[in-house]
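A.B. asks: Compute the structure for the input listed below.
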Amino acid sequence: MFQGFETRSVAGEGAEIFCRIAGDGPPLLLLHGYPQTGAMWAGIAPRLAERFRVVVPDLRGYGQSSAPESKGGEGYAKRVMAADMVRVMDSLGFERFRLAGHDRGGRVAYRLAFDHPGAVERLALLDIIPTLEMWERLDAPGALSSYHWQFLAQPNPMPERLIGADPVFYLDHTLASWTANQSTAPFASEALAEYRRSFSRLDAVHGACEDYRAGATIDRRHDEDDRAAGRRISAPLLALWGSKGTPAKHGDPVAIWRQYADDVSGQAIESGHFLVEEAPEETLKALLGFMG
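C.D. replies: Numbers count the residues shown, from 1 in each chain. Predicted coordinates for the structure are as follows:
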């Protein structure tokens, strides 16, 4: 994977962030989601690097980045994880950059756009609606299909111990259940092997649980504060979602994001949750058309 990319570890805000980097041109930061690593971008990152200086990190708690100890989600609030990314990009010489995030990476990305508006030129969010909107729209079918939002947010060590008993089973079940075809087939063998290695680390399981604990508490409050204050994302925002993914079940994602951002466009992609791996060509086309 990532032939021609260099790798390095860069200091974030209290975490060491592993990055893959390649290409010339305007900087483009690509953020992965749960339960993956930056390897999710392997299928399209080399082609994006033909036009951009592409930076593909592992978020704190995931992959080859460090997983700081945390309690109650404090160390994994999206505000903290966004600060990691701003510091990483600044260390690489980029004060402003284009930004795309999938799943939890999308939540880091839109928090970054709220907290550091001067840093974000363009923002693409893949298969998410705002965290606050997810909680407010959660009904019985949604609670069943997105059970992990409640499960992973339970106090330590309950979810950590249960997942830790058979982490690869849990990972494979989660990945397959969110695809359109209920299968791990869309995931390249090298990427899947990396996800399994990462998720077999107990500190990474803890980091992911803290990520979701923050989502149930701190991140939701930050969204509430922004909405109450009338703050909006100023960067042009592209919403992409899987036709069989979660956001499609909660209304029109473009209309939802227009409540939070000034300039929103978007489209559905024929896929489940994992657009980049289930529908790489269509997703790449949409990203290239938007990022310029």
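
A.B. asks: from here on, contacts and neighbour counts on C-alpha atoms
C.D. replies: OK.

A.B. asks: Could you double-check that Met1 sits in contact with Glu190?
C.D. replies: Yes: counting by CA atoms under 8 Å, Glu190 is a contact partner of Met1 at 7.1 Å.

A.B. asks: Report the contact partners of the nearest residue to Cys19 once chain neighbours are set aside.
C.D. replies: Nearest non-adjacent residue to Cys19, counting by CA to CA, 6 or more residues apart in numbering: Pro57, 4.1 Å away. For Pro57, the contacting residues are Ile17, Phe18, Cys19, Arg20, Leu29, Leu30, Leu31, His32, Gly38, by CA atoms under 8 Å, 6 or more residues apart in numbering.

A.B. asks: which of these are buried?
C.D. replies: Buried members of the contacts of Pro57, scored by 16 or more other CA atoms under 10 Å, are Ile17, Phe18, Cys19, Arg20, Leu29, Leu30, Leu31, His32, Gly38.

A.B. asks: and which of those residues is nearest to Tyr195?
C.D. replies: Of all the buried ones among the contacts of Pro57, Tyr195 sits closest to Gly38, with 9.4 Å by CA to CA.

A.B. asks: so who does that closest one touch?
C.D. replies: Leu30, Leu31, His32, Val56, Pro57, Asp58, Gly63.

A.B. asks: Low-confidence ranges, this structure, go.
C.D. replies: Nowhere does the chain drop to pLDDT under 70.

A.B. asks: now the helices for it?
C.D. replies: Counting by DSSP state H, one finds helices in the chain at the ranges 45-48, 78-91, 104-115, 131-136, 140-145, 147-151, 158-164, 167-177, 189-199, 202-216, 218-229, 253-257, 275-278, 280-291.

A.B. asks: possible to save the ones you listed as CSV with distance to Arg8 and mean neighbour count?
C.D. replies: Below are the helices of the chain laid out as CSV (distance: least, CA to CA, whole Å; neighbours: other CA atoms under 10 Å):
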stretch, distance to Arg8, mean neighbour count
helix 45-48, 17, 20
helix 78-91, 11, 21
helix 104-115, 19, 25
helix 131-136, 31, 16
helix 140-145, 37, 12
helix 147-151, 32, 15
helix 158-164, 28, 17
helix 167-177, 26, 17
helix 189-199, 17, 19
helix 202-216, 19, 25
helix 218-229, 29, 16
helix 253-257, 34, 19
helix 275-278, 24, 23
helix 280-291, 25, 16
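
A.B. asks: So which of those helices is nearest Gly266?
C.D. replies: Once these are compared by CA to CA, helix 253-257 is nearest, at 6.0 Å.

A.B. asks: Can you name the residues bridging to Phe97?
C.D. replies: When bridges are called by DSSP bridges, Phe97 pairs up with Val120.

A.B. asks: That one: neighbour count?
C.D. replies: 20 (other CA atoms under 10 Å).

A.B. asks: Surely it and Leu123 touch.
C.D. replies: No: applying CA under 8 Å, one finds Phe97 not in contact with Leu123, separated by 9.2 Å.

A.B. asks: circling back to that earlier point, would you convert the contacts of Gly38 into TSV that also reports distance to Ala185?
C.D. replies: Output for the contacts of Gly38, formatted as TSV (distance: CA to CA, whole Å):
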residue	distance to Ala185
Leu30	23
Leu31	22
His32	19
Val56	23
Pro57	24
Asp58	23
Gly63	21
